[in-house]
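Novice: what would the 3D arrangement of this be:
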Amino acid sequence: DFLILTRYAGLTTAKACFVNFTSGLSVTLGGIVVLATNTSDATTGIILAIAGGAYINISVAETVPRIDSHITGKVDRLLMLTFFIVGCIPIGLILLKHEHC
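Specialist: All right, here's what the predicted structure looks like:
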């Protein structure tokens, strides 16, 4: 996050740290709200699905085009696809024993 905020968004180090800290606080606040409310298993599943979709959207919409601009051949493209799939595997492994929804 810090590298993207400083290099591509043009933020200063202090502003990038503030934005990163604020982002982390929002995650903590969201966790507290979910734990403090009485959410059903279906609601929790929907929240997790939206969060997972957000991560995949960020990787596909923001990261892949930047990597793609540096690819010079088929081997590089295959490596990019392989590492993307390897990055998605842990998300799938978490869902194997997922029982609450």
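
Novice: lowest-confidence helix or strand of the chain?
Specialist: Ranked by mean pLDDT, DSSP states H and E, the weakest helix or strand in the chain is helix 64-68, scoring a mean of 78.

Novice: what comes up buried for the next helix or strand after it?
Specialist: Going down the chain from helix 64-68, the next helix or strand is helix 74-94, by DSSP states H and E. For helix 74-94, a neighbour-count test (16 or more other Cβ atoms under 10 Å) marks Met80 as buried. C-beta here means a position set from N, CA and C on the backbone, and glycine is covered the same way.

Novice: and what of stretch 35-45?
Specialist: Per 16+ other Cβ under 10 Å, stretch 35-45 contains no buried residues.

Novice: using CSV, list the CA coordinates for it.
Specialist: Extracted C-alpha coordinates of stretch 35-45, given in CSV (Å, rounded to 0.1, in the frame of the first residue of the first chain):
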residue,chain,number,x,y,z
LEU,A,35,-18.7,-8.4,16.7
ALA,A,36,-21.0,-5.9,18.6
THR,A,37,-24.0,-6.6,16.5
ASN,A,38,-26.0,-9.8,16.2
THR,A,39,-25.2,-10.9,12.6
SER,A,40,-26.5,-14.1,11.1
ASP,A,41,-24.3,-16.6,9.4
ALA,A,42,-25.7,-15.6,6.1
THR,A,43,-24.9,-11.9,6.7
THR,A,44,-21.3,-12.9,7.8
GLY,A,45,-21.0,-14.9,4.6
